[in-house]
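S.K.: only geometry, no sequence info:
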């Protein structure tokens, strides 16, 4: 497989991302991305699709197969390759570092090969691309990606309630995706992490994440004019819908924000709120830098919680408060469907294990007997206990 052939380039005019393969812009992929852009897909989605197409073209180039002539066996070979090959991040970490389970959080570290979600996303992108190419008569004769079983309609859309429910079967080459699990950070660990922070900026960030439940990228995109000290609210651009939504936050978070703003960052209306700490090399704070900051502060704890776990922690706190209804939590977290919010009502395994241990440590209750003052034979006869 040719690893360095082709690239994805970012553009400030027209399409935000384009695929160059092998050394010129690929017209069919650009037309495909334009179709997605016209369908109101976000730039992040276009970037993701472009990189998946780059992986596919590189793979086919190594097999000397034109993309128009790709067959189902080529798709199967790609899936086998992704299941066995280390990712770029794994290569940067070193292939000798096998994934392990963190002793503090119980979370498994990043794997060496592509995850099931990554493989399924790759198949979805390829299937959409070839459907587009076939519809526009751009070269291929068939779609090489096997269709999802029952993909002609939405899952469960026409299920007859009088018939027995049967989950749909996975399509060919689609991977089994483990059930998502949420992990809130324990309060003592939150306190330790907060005490380890050295800058008002980081304290403000952590306070906002824990009290508002906003996603990491949403808070990092905050700009001056998007907050209200009097109402204790933020205006964030929600992921997916890209709506401008008002989200409440704690008063402590705004105190830390005020202390951070006194340090002299650019504060004109419309400027980003979050900047790097060093004034000589000041630039906007990105997701990668924020993630590294959060990883550094956990070094003494030996934990591997992520920034998204802070959102889980905020949801856990709200669910545990009897003043919040489930719909209230859904509104704050901006979930489209309340069923997404219900995952936080499921007990964590750590809590269940603690209850089980307490159950077995609790002394057994004595078996009720007959007091000596009563005639045992008469009482048994009265109660029908027999001999």
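M.R.: Yep, that arrived. Just so it is clear, the structure is predicted and the values come from calculations on it, not from any experiment.
S.K.: The nearest residue to residue 184 once chain neighbours are set aside: which element?
M.R.: Nearest residue to residue 184 in three dimensions, chain neighbours excluded: residue 316, at 3.7 Å (Cβ to Cβ, 6 or more residues apart in numbering). Using the backbone N, CA and C atoms, a C-beta is placed for each residue, glycine as well. Applying DSSP states H and E as the criterion places residue 316 in helix 307-320.
S.K.: Residue 304 now?
M.R.: Under the criterion DSSP H and E, no helix or strand holds residue 304.
S.K.: Excluding chain neighbours, what is closest to residue 289?
M.R.: Excluding the flanking residues, the one nearest residue 289 by Cβ to Cβ, 6+ apart is residue 276, at 6.7 Å.
S.K.: What backbone torsions are found at the one you found?
M.R.: Per-residue torsions, residue 276: phi -70, psi 160 (degrees, to the nearest 10).
S.K.: Same question for residue 321.
M.R.: Per degrees, to the nearest 10, the backbone of residue 321 is at phi -80, psi 120.
S.K.: Which pLDDT does the model give it?
M.R.: Per-residue confidence (pLDDT) for residue 321: 93.
S.K.: Flag the shaky bits of the stretch 51-200 of the chain, pLDDT-wise.
M.R.: 95-98, 149-168 (pLDDT under 70).
S.K.: Show me where it has its helices.
M.R.: Assigned by DSSP state H, counting those that start in this stretch, the stretch 51-200 of the chain shows helices spanning 72-84, 88-93, 116-135, 187-195, 200-212.
S.K.: Packed most tightly, which of those would that be?
M.R.: Burial among those, expressed as mean neighbours by mean count of other Cβ atoms under 10 Å, is greatest for helix 200-212, which shows a mean of 23.
S.K.: Check the offset of the helix or strand that it is followed by from the chain's centre.
M.R.: Using DSSP H and E, the helix or strand that directly follows helix 200-212 along the chain is helix 216-220. Distance of helix 216-220 from its chain centroid, counting by Cα atoms, centre = their mean, to the nearest Å, is 13 Å.
S.K.: again with stretch 85-94
M.R.: The answer for stretch 85-94 is 20 Å, by Cα atoms, centre = their mean.
S.K.: what residues does that stretch touch?
M.R.: 95, 110, 111, 112, 113, 114 (Cβ atoms under 8 Å, 6 or more residues apart in numbering).
S.K.: again, but for stretch 72-79
M.R.: With Cβ under 8 Å, 6+ apart, stretch 72-79 has contacts from 55-56, 59-60, 63, 65, 119, 122-123, 126, 144-146, 173.
S.K.: Including distance to residue 196, could those go into CSV?
M.R.: As requested, the contacts of stretch 72-79 are exported to CSV (distance: Cβ to Cβ, whole Å):
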residue, distance to residue 196
55, 39
56, 44
59, 44
60, 48
63, 50
65, 53
119, 37
122, 39
123, 42
126, 44
144, 51
145, 47
146, 50
173, 45
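S.K.: Just the buried residues of these.
M.R.: Among the contacts of stretch 72-79, those scoring as buried are 55-56, 59-60, 65, 119, 122-123, 126, 144-146, 173 (criterion: 16 or more other Cβ atoms under 10 Å).
S.K.: which two from the residues you listed end up farthest apart in space?
M.R.: Farthest pair in those (Cβ to Cβ) is 65 and 119. Separation: 19.4 Å.
S.K.: follow-up on the earlier one: and which of the contacts of stretch 85-94 is nearest to residue 251?
M.R.: Set against residue 251, the nearest of the contacts of stretch 85-94 by Cβ to Cβ is residue 110 (36.7 Å).
S.K.: Can you pull the phi/psi pair for the closest one?
M.R.: Residue 110 adopts backbone torsions of phi -60, psi 140, taken as degrees, to the nearest 10.
S.K.: My guess is it contacts residue 100. True?
M.R.: No - under the criterion of Cβ atoms under 8 Å, residue 110 makes no contact with residue 100, lying 10.4 Å away.
S.K.: Next, the contact list for the residue nearest in space to the middle of the chain, please.
M.R.: Taking Cα atoms, centre = their mean, the centroid of the chain lies closest to residue 308, which sits 6.9 Å from it. Shown in contact with residue 308 (Cβ under 8 Å, 6+ apart): 215, 216.
S.K.: now do residue 258
M.R.: Residues in contact with residue 258, defined by Cβ under 8 Å, 6+ apart, are residue 229.
S.K.: host element of it?
M.R.: Using DSSP H and E, residue 258 falls in helix 251-261.
S.K.: if I pick the residue nearest to residue 184, what's in contact with it?
M.R.: Residues near residue 316 by Cβ under 8 Å, 6+ apart: 182, 184, 344.
S.K.: again, but for residue 55
M.R.: Residue 55 is in contact with 78, 122, counting by Cβ under 8 Å, 6+ apart.
S.K.: so how far is residue 32 from it?
M.R.: 15 Å (Cβ to Cβ, to the nearest Å).
S.K.: thinking again about what came up before, of all the contacts of residue 316, which comes closest to residue 215?
M.R.: Of all the contacts of residue 316, residue 182 has the smallest distance to residue 215: 13.8 Å, by Cβ to Cβ.
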